[in-house]
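Visitor: Here is a sequence together with a model predicted from it:
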Amino acid sequence: MTSAPVVYGASYSVYVRAVRLALEEKGVPYRLEPIDVFAETGPPASLLERQPFGRIPAFEHDGFRLYEAGAIERYIDEAFSGPALQPSAPSDRARVNQLISILDSYAYRTLVWDIYVERVSSPKKGRLPDEARIQAALPRAQLCLRAIGDVMDDGPYLAGATLTLADLHAAPMFAYFTLAPEAGPLLADQPAIEAWWARMAQRPTMHATAPAA
Ligand SMILES: N[C@@H](CCC(=O)N[C@@H](CS)C(=O)NCC(=O)O)C(=O)O
């Protein structure tokens, strides 16, 4: 009998949500241990023991500690029963990994930090948006969406016919990005991604992992 895995982090985090989505889609019970990485005092020491870069999520299952969301998601898919979230053909699996890498390397900072945080999140905290930062991010966002759209082809999921980790890695980023008015026109140029997001946003696991108000 194995113990329930623990996810260390906060529900507002894109990467924590991606890991939770993998657990939810597999039907694995888990515990979310709250850690506020943006606390004024900085990341708590208990997090730094598990994640030396002070980022969330961290993860533990049966004494096995892991960090980096993509690695955690792959572990969850491989260690637990439930629907497979990675295709078995090498070329299809490579597409999933390529998408996860595009999301981490290019999309996360541009879509979430440069556009969503500047336009939506910072103003809520009383800061004026950095318009120059947003404007500079728009062509990069367009490039990200075009690249994802090219890999996606006709979909309906990002890596083809079935739901994979690529969808679960992307959806939390799009959940924030699409709250910014800049997202509408950018997505209108990528109808397959727009339709994908409309479907993903309705998944019960997206509701189950929605950030706490
Ligand atoms: N490469 C890390 C990235 C995790 C990450 O950036 N998490 C954000 C929250 S979504 C964070 O902890 N940010 C804290 C900070 O930037 O100080 C992973 O894949 O787990």
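Guide: Here it is on my side, so go on.
Visitor: Strands of this structure, start to end?
Guide: 6-9, 31-34, 58-61, 64-67 (DSSP state E).
Visitor: How about the second one and the ligand, any contact?
Guide: Read that as strand 31-34. No. Strand 31-34 does not reach the ligand (C-beta under 6 Å from any ligand atom); its nearest approach is 13.3 Å. For glycine as for every other residue, the C-beta is placed from the backbone atoms N, C-alpha and C.
Visitor: Using PDB, list the CA coordinates for that strand.
Guide: Extracted as PDB, the C-alpha positions of strand 31-34 are listed here (Å, rounded to 0.1, in the frame of the first residue of the first chain):
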ATOM      1  CA  ARG A  31      -2.500  16.200  -0.800                       C
ATOM      2  CA  LEU A  32      -1.700  19.900  -1.500                       C
ATOM      3  CA  GLU A  33       0.700  21.200   1.200                       C
ATOM      4  CA  PRO A  34       0.400  25.000   1.000                       C
END
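Visitor: heads up, I number from 262, so please use that
Guide: Okay, residue one is now 262; in that scheme the one you just asked about reads as strand 292-295.
Visitor: Show me what it is packed against.
Guide: strand 267-270 (3 or more C-beta pairs under 8 Å, 6 or more residues apart in numbering; DSSP states H and E).
Visitor: Just the residues contacting the strand it packs on, thanks.
Guide: 276-277, 280-281, 284, 291-296, 298, 308, 311-312, 317-322 (C-beta atoms under 8 Å, 6 or more residues apart in numbering).
Visitor: partner strands of that strand, parallel or antiparallel?
Guide: In the sheet, strand 267-270 lines up against strand 292-295 (parallel), strand 319-322 (antiparallel) (DSSP bridges).
Visitor: got the buried residues for the last one?
Guide: If I follow you right, that is strand 319-322. For strand 319-322, a neighbour-count test (16 or more other C-beta atoms under 10 Å) marks 319-322 as buried.
Visitor: so how far is residue 397 from the nearest residue to residue 442 once chain neighbours are set aside?
Guide: The spatially closest residue to residue 442, leaving aside those adjacent along the chain, is residue 380, at 7.1 Å (C-beta to C-beta, 6 or more residues apart in numbering). Distance of residue 380 to residue 397, given as C-beta to C-beta, to the nearest Å: 13 Å.
Visitor: Spell out which parts of the protein neighbour the ligand.
Guide: 274-276, 298, 315-318, 329-331.
Visitor: low-scoring pLDDT stretches of this protein, where are they?
Guide: Within the chain, the stretches with pLDDT under 70 are 262.
Visitor: tell me the two of the buried residues of strand 319-322 that are most distant?
Guide: Farthest pair in the buried residues of strand 319-322 (C-beta to C-beta) is 319 and 322. Separation: 11.4 Å.
Visitor: Chain neighbours aside, what residue packs nearest to residue 435?
Guide: residue 458 is the one closest to residue 435 (C-beta to C-beta, 6+ apart), at 5.1 Å.
Visitor: give the contact list for the one you found.
Guide: Neighbours of residue 458 in contact, by C-beta under 8 Å, 6+ apart: 432, 435, 439, 448.
Visitor: same question, residue 330
Guide: Applying C-beta under 8 Å, 6+ apart, the residues contacting residue 330 are 276-277, 279-280, 318, 430.
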